[in-house]
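Engineer: with the input below, show me the fold.
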Amino acid sequence: MRPPSVIDSPRITAVTVPGIDGSGPGHWQTLLDADPTFLRIQPSSWTDPDLDDWIAALDRAVAVADRPILVAHSLGTLTVAHWAARPGLPPVTGALLVAIPDPDGPGFPTAASSFRDVPRTPLPFPSIVVASTNDQYDPSGVAPTYAEAWGSRLLDLGDAGHINTDAGYGEWPLAHTLIASLRDTQRHA
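Structural biologist: Now for the predicted structure:
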């Protein structure tokens, strides 16, 4: 994962926001990051997440991007929601929010407690929430509630687990399709 660089970087059109521990090798987000127009946020720690630090990392990445699509997974989706609730945001084309975890659920990492109290206000850009009916990090099924509160389109994949490498989501063509649909929404707005 390369750090933000205005000089060496091609036009950045997407910013990836992984979850705790970052998306490892073979994860669909890591595979997207191979595209030089994608840029991954770089917080101080992937394993000991701090909301303010992750928001600052998202600020840095968006600052070098050109109206990016935010592509978030798991804890990254909560990062985007907190970030988007602040005033004076730079322009963002949209957000793909995959596998929202339940911050009050039994599997939510205690190390990520600063990410609780998730804003439930509409996002100021188009968004798509992708959820699963058997996500171990969302056992209560809160993803549809967040999608409604954020004004997001909801796509339920059925029994898809946490939509990560362990659930069989390495190369994931649907991610490309959903990102393209968010770009098309912006072009037709």
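
Engineer: low-confidence regions, the chain specifically.
Structural biologist: Applying pLDDT under 70 to the chain flags the ranges 1-9, 186-189.

Engineer: longest single helix anywhere in it?
Structural biologist: The longest helix of the chain (DSSP state H) is helix 173-187.

Engineer: buried set for that one?
Structural biologist: Counting neighbours by 16 or more other Cβ atoms under 10 Å, one finds that the buried residues in helix 173-187 are 175, 178, 179, 182, 183, 185. Heads up, the C-betas are built off the backbone N, CA and C, glycines and all.

Engineer: same question for stretch 40-55.
Structural biologist: 40, 41, 42, 43, 46, 49, 50, 51, 53, 54, 55.

Engineer: repeat that for stretch 76-90.
Structural biologist: 76, 77, 78, 79, 80, 81, 82, 83, 84.

Engineer: circling back: in a markdown table: the buried residues of helix 173-187, plus distance to residue 158.
Structural biologist: What follows is the buried residues of helix 173-187, written out as a markdown table (distance: Cβ to Cβ, whole Å):
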| residue | distance to residue 158 |
| --- | --- |
| 175 | 17 |
| 178 | 16 |
| 179 | 21 |
| 182 | 22 |
| 183 | 26 |
| 185 | 24 |
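
Engineer: list the beta-bridge partners for the residue nearest the centre of the chain.
Structural biologist: By Cα atoms, centre = their mean, the chain has its centre lying nearest to residue 72, at 1.1 Å. Beta bridges link residue 72 to residue 17, residue 97, judged by DSSP bridges.

Engineer: I figured it was touching residue 80, is that so?
Structural biologist: Yes: using Cβ atoms under 8 Å, residue 72 is in contact with residue 80, at 4.8 Å.

Engineer: joint contacts of those two?
Structural biologist: Shared contacts of residue 72 and residue 80 (Cβ atoms under 8 Å, 6 or more residues apart in numbering): 17, 95, 97.
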